[in-house]
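A.B. asks: Sharing a model that was predicted from the sequence below.
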There are 2 protein chains.
Amino acid sequence: MKQTENISIETLRSRFGEAGLRFTRQRETVWNLFARSRRGFSLVEAAKALRKKRVGPATVYRTVALLEEMGFLCRIHDERREHRFVACTPGHVHHLVCRGCGRVVEFAACGIPILERLLAVETGFSIEGHYLEVYGICSECRGANK
Amino acid sequence: MKQTENISIETLRSRFGEAGLRFTRQRETVWNLFARSRRGFSLVEAAKALRKKRVGPATVYRTVALLEEMGFLCRIHDERREHRFVACTPGHVHHLVCRGCGRVVEFAACGIPILERLLAVETGFSIEGHYLEVYGICSECRGANK
DNA sequence: CCGTTATTGGTAAAATTTATCAGTTATGAA
DNA sequence: TTCATAACTGATAAATTTTACCAATAACGG
């Protein structure tokens, strides 16, 4: 399974342009932080890391929300505790999260649609979507424990 | 599909006893709030609702965390925004959430294990668990829109 | 009923998130 | 390249959410 291939800066810039938004130094800096991390960051972590790079906290909050809306960042719930954001491929994807190092691998799930049809019949709901996150230990973390 | 059948107060009381914990008026009050709601509450909502019933905010936070640890409350992410807690059957269950009224219906998922085996092969992770939440519109909310 | 001790409430403090607005800067046009 | 416009930012204040603290309370066993 391929590791997440990140969106290029140029793609990002043009998507901003199309939306009538400016691609500022700060926005690029925020994106780079996430694009280079397999694990992602919580808002607090990102704000702290970006302060050193002259990006104010308010801008970090605003930019992360914006990138999430645009589909470039995904929110990871990470086993019921902290929220993190990771760079992701726009569209419907899911994440496999390592309980050891926290690294995130994207995958395009399936098998769920069948379940959804069953649920629709049994509950009377019309099903519109789902959120799935899988947890495990990556091979690297397994190796480290030996 | 059956509506969530709540744990009885007596069951709850004895589980507290077994764990060496006291079953106080406040803890019972907190439980009752959640047990009677199909939708659940966020911590802020619960704290506000319980203040009227003479349960302090600190106690609400502590008790919700405790009930979650014991498996009587489950955390709902609710479509990427607010966290809510709902009374749930202990064990591995998932939730179907109405985008209209927010009501939550439990279900025991399946189909996921097959996906997990596939992911294990493709990523090298050893898979240990997952979190699944499904969104839709309940029949009551659909009816209301007509 | 009593004593022990877990639990609570009320408040203070900490941590997180949002609002505000004057100053900055990306962008397109000239 | 320069300029004008308006989006964006930063710094701080304010609001909101969560945790810490400790004397007072009350659940539970004996």
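C.D. replies: Yes, it's here.

A.B. asks: by contact count, what packs against the host helix or strand of A:R13?
C.D. replies: Here A:R13, judged by DSSP states H and E, is contained in helix A:9-18. The helices and strands touching helix A:9-18, judged by 3 or more C-beta pairs under 8 Å, 6 or more residues apart in numbering or on different chains; DSSP states H and E, are helix A:25-35. Where you see a C-beta, it was placed from the backbone N, CA and C, and this is true even at glycine.

A.B. asks: between the helix it packs on and helix A:9-18, how many degrees?
C.D. replies: Taking axes from the mean of the first three to the mean of the last three C-alpha atoms, to 10 degrees, one finds helix A:25-35 and helix A:9-18 inclined to each other by 130 degrees.

A.B. asks: Contacts (any at all) between DNA strand C and helix A:25-35?
C.D. replies: Yes: for helix A:25-35, a contact with DNA strand C is found by C-beta under 7 Å from any atom of the strand, at A:R25.

A.B. asks: Report the distance from the helix holding A:R13 to the chain centre.
C.D. replies: Here helix A:9-18 is found 18 Å from its chain centre; the criterion is C-alpha atoms, centre = their mean, to the nearest Å.

A.B. asks: and what of stretch A:47-58?
C.D. replies: For stretch A:47-58, the distance to the chain centre is 19 Å (C-alpha atoms, centre = their mean).

A.B. asks: ends of it, how far apart?
C.D. replies: 8 Å (C-alpha to C-alpha, to the nearest Å).

A.B. asks: what's the longest strand anywhere in chain A packed up against?
C.D. replies: For chain A, the strand with the greatest residue count under DSSP state E is strand A:126-137. In this structure, strand A:126-137 packs against strand A:94-98, helix A:112-123, helix B:112-123, strand B:126-137, with contacts taken as 3+ C-beta pairs under 8 Å, 6+ apart.

A.B. asks: Show me which positions of the last one end up buried.
C.D. replies: Read it as strand B:126-137. Residues B:127, B:130-137 are the ones in strand B:126-137 that count as buried (16 or more other C-beta atoms under 10 Å in any protein chain shown).

A.B. asks: Once you drop chain neighbours, what's closest to A:V64?
C.D. replies: Leaving aside its sequence neighbours, A:V64 sits nearest to A:F85 (C-beta to C-beta, 6 or more residues apart in numbering or on different chains; 5.7 Å).

A.B. asks: now A:E116
C.D. replies: Of all residues not flanking A:E116 in the chain, A:I127 sits nearest, at 4.3 Å (C-beta to C-beta, 6+ apart).

A.B. asks: Now do the contacts for that neighbour.
C.D. replies: A:116-117, A:119-120, B:96, B:134-136 (C-beta atoms under 8 Å, 6 or more residues apart in numbering or on different chains).

A.B. asks: Mind doing that once more with 7 Å?
C.D. replies: A:I127 sits next to A:116, A:119-120, B:134, B:136 when contact means C-beta atoms under 7 Å, 6 or more residues apart in numbering or on different chains.

A.B. asks: what does A:D78 give?
C.D. replies: A:84, A:97.

A.B. asks: Look up how far A:V86 lies from it.
C.D. replies: Distance, A:D78 to A:V86, by C-beta to C-beta, to the nearest Å: 10 Å.

A.B. asks: Go ahead and confirm A:V55 touches A:Q26.
C.D. replies: Yes: taking C-beta atoms under 7 Å as the definition, A:V55 is a contact partner of A:Q26 at 4.8 Å.
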